[in-house]
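J.: Okay, sequence plus prediction incoming.
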Amino acid sequence: MGTQGSKSEKKRMKKIEKSLEETKNKLAKEIRLLLLGTGDSGKSTFVKQFQILYQDGFSKDKIHSYKPVIRCVVKYSLKQLIEANKKLETELKKKNQKIAENYLKTFAPRNFSISTKQLIVIQQIWSDPAIKNVWDLRDNFQIPDNSDYFLDNAGRIFDKSYSPNNIDILNCRIATTGIQEIHFDVGEKNWVVVDVGGQRNERRKWIHHFEGVHALIFVIGINEFAKKLYEDNTINRMHESLMVWDSTLKNRYFKKTPIILMFNKVDLFKESLIRSNLSDCFPDFNGENNFEEASKFIKKKFIKKKYLKFRKIYHHFTCGTDTKMVGNIFSDVMETILDNHLKDYFV
Ligand SMILES: Nc1nc2c(ncn2[C@@H]2O[C@H](COP(=O)(O)OP(=O)(O)OP(=O)(O)O)[C@@H](O)[C@H]2O)c(=O)[nH]1
Ligand SMILES: [Mg+2]
């Protein structure tokens, strides 16, 4: 009797599981994710990771198109460093003073191939102690985040046979203008990720993409507590992020949308904490200036806003350029989104 009872119970459970599975398949085939966040927070870097993880990586054309951009980034990064050094009025080594001046005068970012002599100039200026000092003070200037990576790799990047690899492409910044959408399949679902430009003049375009979104991914560059806005050098980047986050939460379109907060650039955040105090950005922070306490404080600042009691906000600390980490986090995120979608169907 007992065995028969458990057999029929098992049968019943299997039936329920099957019908649940069928219902799951009937749910939206297309899951739409919207990436929001201020400029430079790392939205498009996530999109690149999706291309690596869920598509077949970058096409030959795409790789080819990055080559001049990356070469331009190397040259531009050095220009920004030399200009910042001028503001600091620190002297370069005698032998570098003239060549640095000349570098600024003859700066031609679109000159994509350079002579061996010009490459030596780049490497020589980059290794000057005064320029290294500017790099240590980089949060005070508009110097691209991964300039050190590109300048360290200048020799390889300007080699005749150079072809960008995934790490080069992930580290390279091209500010998004307009909207880009990528599609990929994982499991039974077609995922659509909408990426927008995060700089001030781009944000007015956001509203057109708010409808029909299954989940919102809001990206914050957690290292931005020590930096000023590119668009307005008087505004702290994290204050701007909080302001954009606040208005996003108040938007009527997202009342029921699950939100995933990505505290991105944790690698750079750890470095920034060595150089800068979180209390300069948030005077109410009185903890230790270390990763644990600072990240906990920032997380609270964002999550406490919530506004609606039943709103679901999930969060992760990420390094957008780390493919393995992003892959692990996104398999969790996808699971969470599908669970929410399923619950919505039954409630
Ligand atoms: N070191 C490090 N760099 C990162 C990380 N995430 C993104 N970046 C870099 O940050 C820069 C900006 O990233 P993007 O993805 O272009 O930023 P975005 O949010 O799309 O910026 P907009 O298009 O202007 O809105 C790029 O150089 C990326 O390589 C990270 O976790 N660590
Ligand atoms: Mg972008």
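T.: Now that the structure is in, tell me what you want to look at. Ligands and ions are numbered 1, 2, ... in the order given.
J.: Tell me the predicted confidence for the residue lying closest to residue 308 once chain neighbours are set aside.
T.: Leaving aside its sequence neighbours, residue 308 sits nearest to residue 255 (Cβ to Cβ, 6 or more residues apart in numbering; 6.4 Å). Every residue, glycine included, has its C-beta placed from N, CA and C. For residue 255, the model assigns a pLDDT of 91.
J.: buried set for the longest helix seen in the chain?
T.: Counting residues, the longest helix in the chain under DSSP state H turns out to be helix 60-88. Buried residues in helix 60-88, counted by 16 or more other Cβ atoms under 10 Å: 63, 66, 69-85.
J.: is ligand 1 contacted by that helix?
T.: No - judged by Cβ under 6 Å from any ligand atom, helix 60-88 and ligand 1 are separated, with a smallest distance of 8.2 Å.
J.: do the same with stretch 158-177
T.: Yes - judged by Cβ under 6 Å from any ligand atom, stretch 158-177 and ligand 1 are in contact via 170, 171, 172, 173, 175, 176.
J.: Of the residues you listed, which belong to helices?
T.: Per DSSP H, the residues of stretch 158-177 next to ligand 1 map to helices at 170, 171.
J.: Put together a markdown table for the residues of stretch 158-177 next to ligand 1, with pLDDT and neighbour count on each row.
T.: Formatted as a markdown table, the residues of stretch 158-177 next to ligand 1 follow (pLDDT from 0 to 100; neighbours: other Cβ atoms under 10 Å):
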| residue | pLDDT | neighbour count |
| --- | --- | --- |
| 170 | 98 | 21 |
| 171 | 98 | 22 |
| 172 | 97 | 20 |
| 173 | 95 | 16 |
| 175 | 96 | 12 |
| 176 | 97 | 18 |
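J.: mind checking which helix or strand the closest residue to residue 250 other than its chain neighbours is in?
T.: In this structure, residue 250 finds its nearest non-sequential neighbour in residue 307, 6.6 Å apart by Cβ to Cβ, 6+ apart. Assigned by DSSP states H and E, residue 307 falls within no helix or strand.
J.: On the pLDDT front, check the closest residue to ligand 1 within the stretch 201-347 of the chain for me.
T.: With Cβ to the nearest ligand atom as the measure, residue 320 is the residue of the stretch 201-347 of the chain nearest to ligand 1, at 2.9 Å. pLDDT recorded at residue 320 is 98.
J.: Could you count how many residues lie near it?
T.: By other Cβ atoms under 10 Å, 25 other residues sit near residue 320.
J.: Spatially central residue in this structure, please.
T.: residue 42 (1.5 Å; Cα atoms, centre = their mean).
J.: ok, now how distant is it from residue 176?
T.: 11 Å (Cβ to Cβ, to the nearest Å).
J.: Please look at residue 126 and residue 153 and confirm they touch.
T.: No - between residue 126 and residue 153 there is no contact under Cβ atoms under 8 Å: 10.8 Å.
J.: Show me which of those two is the more surrounded one.
T.: residue 126 (21 against 16).
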